[in-house]
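J.: Compute the structure for the input listed below.
(2 chains)
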Amino acid sequence: MAEASIGTSELAARNGLRDDDLLRMYRLVALSRAIDERMWVLNRSGKAAFVISGQGHEGAEVGIVSSLRPHLDWLVPYYRSIAAVLTFGMTPREILLAQFARATDPSSGGRQMPGHYGSAEHNILSTSAPVATQLLHAVGIAMAAKNRRTGQVALTELGEGSSNQGDFHEGLNFAGIHHLPVVFVVENNGYAISVPMSLQSPIANIADRAASYGFPGVVVDGSDVLECYRAGREAIDRARRGDGPTLIEAKVTRLTAHSSDDQQTRYRSQEDLDAGRQRDALPRFRQQLRDAGVLDDERESAIAAGVKAAVDDATDWAENQPEPDPATAMRHVYAEPEGDR
Amino acid sequence: MPVRTFIEAIRGALASEMRRDERVIVLGEDVGLKGGVFLATDGLQAEFGVERVIDTPLTESMIVGASIGAAVNGLLPVPEIQFADFILPAFNQIVSEAARMRYRSNGAFGCPITIRAPYGGGVHGALYHSQSLEAFFTHVPGLKVVIPSTPYDAAGLLRSAIRDPDPVLFFEHKKMYRSVRGEVPDTDYTVPLGRAQVRRSGTQITVVGYGLMAHHAMEAAELVEAEGISVEVIDIRTLRPLDLDTLLSSVRRTGKCVVVYEDNKFGGYGAEIAAILAEQAFDFLDGPVLRVAGPDVPAVPYAHALEDWFMVNPDRIAAGIRQLAAY
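T.: Here you go, the predicted structure:
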């Protein structure tokens, strides 16, 4: 990180962190938000056909994913995982390459819709659009980690809507039986597109379902970055120790429509939308760091300027990268004889 | 050379691959202690342990989905679906995930898994223990589909499938498990994917089949030989990728083709063969490409008389050959 160590505040110490770490996490939340907002601008100005957003989920993702070990562990993301993939090593330029569907997009070379992140370099598995399928891949990664004794942990993210799919239950069940080193993170924003939680589940907390599979389920406030951090650290440590899976349910808020093709005012009241704004991790974390003396005006504006510069750079750079050549569209259906990767 | 049953050849190839490469694991329902409902994995858990031969819950989607993840993280999983009829809960994982992993990641991730599944009727398995589902999967780019007919091919093709960097569906006709025998060397030989085999040379009609139907085609060819009809039999072996050269060079020579498959006729694998021949061998054809296939009822019924009514057999194939020969 760019900033020099500035010490350890009481807030940082209480969480086993240094102020550097807090500022890095704050920057990631702010960066994720700024990139996400830029994606919408590109969509509304006709430069990107589609946006699927992580706004409102960033605090939970940054907090939980921060304890994964880069280039060892695995992240199996979903389409709201923008903050998670940035935390785990992807760059703003790589996110924007996907948003512009450019040839060198590491997620898919412009083949998938934006938001379907993946990076072989960073152990971030390619994801699809059918929901909850990725959870079984995380289980398999964890099974291989245990079998090969690699010490790896697999962490997967999904929405609460996905937790009603069969794959969710099949995966939790198998992970519980074999005490696999996997962490399941349900980011509960209260809506499966338009269907509210009350019509998705008869119980209030998805985390309660972990009890059926013999491992802990914990609920965290997704607007509290450090509560998410502590839960993520504990779950990842537990998995690495060989004590098995954890289901973390982060109560988050969806600040945008489901996607650029959705209009959430059709099914959400103004009161509901206003209440959602109050549960945004970004201003809350900012205030928390200011109250703790970790963030002041000067540092905040330096971070804001850095974030803006990074987003501008990524946008301008990615937009100028070449589009995929249709002559390459038949490639990678099957492995190529050599030099495949 | 030792003579082995079809299932002994499969079991032997699994064991030899597991000895050869510690990344190979087997997982599925009853594959461990019991050794599989057909005993295809008998003895593997005793030799390789519970970490490499894994009894799973009844969760076909998980069996395939976890195999995909394990493959990404360095293993070579060989999941078993107990009956092909039960593969449908895993369809999403196979088609949306395994088949598309490489393409959607622009080559960054592969998916080296080999899904074994017993298929086929004629064993009183009724609607849900008899189905032939290959056409669902041959339709999908990114998948390879193998259906062997001899013990030699079963072992050699299974080794190739396990060593292949892409997902392979490996369907085994359950009626052949103990009824078909053949010579199988005690070596780690392979049979390459994507190559058909001419089982019998002939000049007047090409009959194309795979799995149990390759055997029935051979019997039918003998039935009509006495009538002066010379039949060439091609065992397709790998349905996708298809060995176009062997198919086209035969049909361009004989000018006539019967395609045999046990699956429902409409939209079955043989329809693709017929379409390819119409496109690429039209000028050489002296008659319509004929399909001898299962009737278009949802699946194989149970009662003896009903099952016999469903099943394609050598007599029906011979009738198709005669019809085309007279054209």
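
J.: Now for the closest residue to chain A within the stretch 201-327 of chain B, how many residues are close by?
T.: Closest approach between the stretch 201-327 of chain B and chain A, counting by Cβ to the nearest Cβ: B:Pro241, at 8.0 Å. The way it works is simple: take the backbone N, C-alpha and C, and place the C-beta from them, glycine included. When neighbours are defined as other Cβ atoms under 10 Å in any protein chain shown, B:Pro241 has 13 of them.

J.: Check which helices and strands the longest helix anywhere in chain A sits against.
T.: Assignment by DSSP state H gives helix A:19-44 as the longest helix of chain A. Judged by 3 or more Cβ pairs under 8 Å, 6 or more residues apart in numbering or on different chains; DSSP states H and E, helix A:19-44 is in contact with helix A:10-14, helix A:58-65, helix A:82-87, helix A:92-100, helix A:225-241, helix A:281-291, helix A:297-319.

J.: closest to chain B out of these?
T.: From the helices and strands packed on helix A:19-44, taking Cβ to the nearest Cβ, the stretch that ends up closest is helix A:92-100, at 11.0 Å.

J.: Return the alpha-carbon coordinates of the closest one using CSV.
T.: Extracted C-alpha coordinates of helix A:92-100, given in CSV (Å, rounded to 0.1, in the frame of the first residue of the first chain):
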residue,chain,number,x,y,z
PRO,A,92,-9.8,-1.7,-11.6
ARG,A,93,-8.4,-2.1,-15.1
GLU,A,94,-9.4,-5.7,-15.1
ILE,A,95,-12.9,-4.9,-13.9
LEU,A,96,-13.3,-2.3,-16.6
LEU,A,97,-12.0,-4.6,-19.3
ALA,A,98,-14.9,-6.9,-18.5
GLN,A,99,-17.3,-4.0,-18.4
PHE,A,100,-16.2,-3.0,-21.9
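
J.: So that helix, near chain B or not?
T.: No - judged by Cβ under 8 Å from any Cβ of the partner chain, helix A:92-100 stays clear of chain B, getting no closer than 11.0 Å.

J.: Report the mean per-residue pLDDT for the helix or strand following that helix.
T.: The helix or strand immediately downstream of helix A:92-100 is helix A:133-148, counting by DSSP states H and E. When pLDDT is averaged along helix A:133-148, the result is 98.

J.: wait, what's in contact with whatever residue of the stretch 151-300 of chain B ends up closest to chain A?
T.: At 3.8 Å from chain A, B:Pro165 is the closest residue in the stretch 151-300 of chain B, using Cβ to the nearest Cβ. If a contact means Cβ atoms under 8 Å, 6 or more residues apart in numbering or on different chains, then B:Pro165 has A:Tyr334, A:Ala335, A:Asp340, B:Gly110, B:Pro112 as its contacts.

J.: switch to 6 Å and redo it
T.: By Cβ atoms under 6 Å, 6 or more residues apart in numbering or on different chains, the residues touching B:Pro165 are A:Ala335, B:Gly110, B:Pro112.

J.: and the second one, how many residues sit next to it?
T.: It stands for B:Gly110. 22.

J.: Ok, B:Gly267 next?
T.: Using other Cβ under 10 Å, B:Gly267 has 13 neighbouring residues.

J.: confidence score at residue 127?
T.: In the absence of a named chain, chain A is used. Looking at A:Thr127, its pLDDT is 96.

J.: ah, no, chain B please
T.: For B:Leu127, pLDDT reads 96.

J.: Repeat that for A:Ile6.
T.: A:Ile6 is given a pLDDT of 71.

J.: OK, contacts around it?
T.: A:Asp19.

J.: Within range of chain A, give me the residues from chain B.
T.: Selection of chain B residues close to chain A by Cβ under 6 Å from any Cβ of the partner chain yields B:51, B:59, B:61-62, B:65-66, B:68-70, B:73-75, B:92, B:96-97, B:102-110, B:141-142, B:165-166.

J.: related to what we said a few turns ago, give me the phi and psi for the residue of the stretch 201-327 of chain B closest to chain A.
T.: Note on B:Pro241: backbone dihedrals following degrees, to the nearest 10 are phi -70, psi 140.

J.: List the residues that contact it.
T.: Residues near B:Pro241 by Cβ under 6 Å, 6+ apart: B:Gly194.

J.: Tell me how far the longest helix of chain A lies from the chain's centre.
T.: Taking the mean of its C-alpha atoms, helix A:19-44 sits 12 Å from the chain's own mean (Cα atoms, centre = their mean, to the nearest Å).

J.: does the closest residue in space to the residue of the stretch 151-300 of chain B closest to chain A that isn't next to it in sequence count as helix, strand or coil?
T.: For B:Pro165, ignoring the flanking residues on the chain, the nearest one in space by Cβ to Cβ, 6 or more residues apart in numbering or on different chains is A:Ala335 at 3.8 Å. State at A:Ala335, reduced to three classes by DSSP: H, G, I helix; E, B strand; the rest coil: coil.

J.: Distance check, A:Ala335 against B:Asp55.
T.: Counting by Cβ to Cβ, to the nearest Å, the separation of A:Ala335 from B:Asp55 is 31 Å.

J.: Quick one: residues in contact with stretch A:104-111.
T.: A:94, A:97-98, A:101-103, A:117-119, A:321, A:324, B:104, B:106.

J.: Grab the longest strand from chain B for me.
T.: Scanning chain B for the strand with the most residues, using DSSP state E, yields strand B:257-264.

J.: got the angle between the longest helix of chain A and helix A:92-100?
T.: Counting by axes from the mean of the first three to the mean of the last three Cα atoms, to 10 degrees, helix A:19-44 points 20 degrees away from the direction of helix A:92-100.

J.: buried sites along helix A:19-44?
T.: A:19-36, A:38-40, A:42-43 (16 or more other Cβ atoms under 10 Å in any protein chain shown).

J.: Would you enumerate the residues in contact with the residue of the stretch 101-250 of chain B found nearest chain A?
T.: Taking Cβ to the nearest Cβ as the measure, the stretch 101-250 of chain B has B:Asn106 as its residue closest to chain A, at 3.2 Å. With contacts defined as Cβ under 6 Å, 6+ apart, B:Asn106 is in contact with A:Ser108, A:Gly109, A:His332.

J.: Now the second one. Nearest residue, chain neighbours left out?
T.: Take A:Gly109 and drop its neighbours on the chain: the residue closest to it by Cβ to Cβ, 6+ apart is B:Asn106, 3.2 Å away.

J.: quick check: angle from the helix or strand harbouring B:His215 to strand B:257-264?
T.: Assigned by DSSP H and E, B:His215 belongs to helix B:212-225. Orientation of helix B:212-225 against strand B:257-264 (the same axes, to 10 degrees) gives an angle of 140 degrees.

J.: For my notes, confirm the residue of the stretch 151-300 of chain B closest to chain A occurs in a strand.
T.: No - per three-state DSSP, B:Pro165 lies outside any strand segment and is coil.

J.: Mind pulling up the pLDDT for it?
T.: At B:Pro165, the model reports a pLDDT of 98.

J.: same deal with A:Asp340?
T.: pLDDT, A:Asp340: 45.

J.: Show only the entries of the residues of chain B next to chain A found in helices.
T.: Per DSSP H, the subset of these in helices is B:Ser61, B:Met62, B:Gly65, B:Ala66, B:Ile68, B:Gly69, B:Ala70, B:Asn92, B:Arg102, B:Tyr103, B:Arg104.
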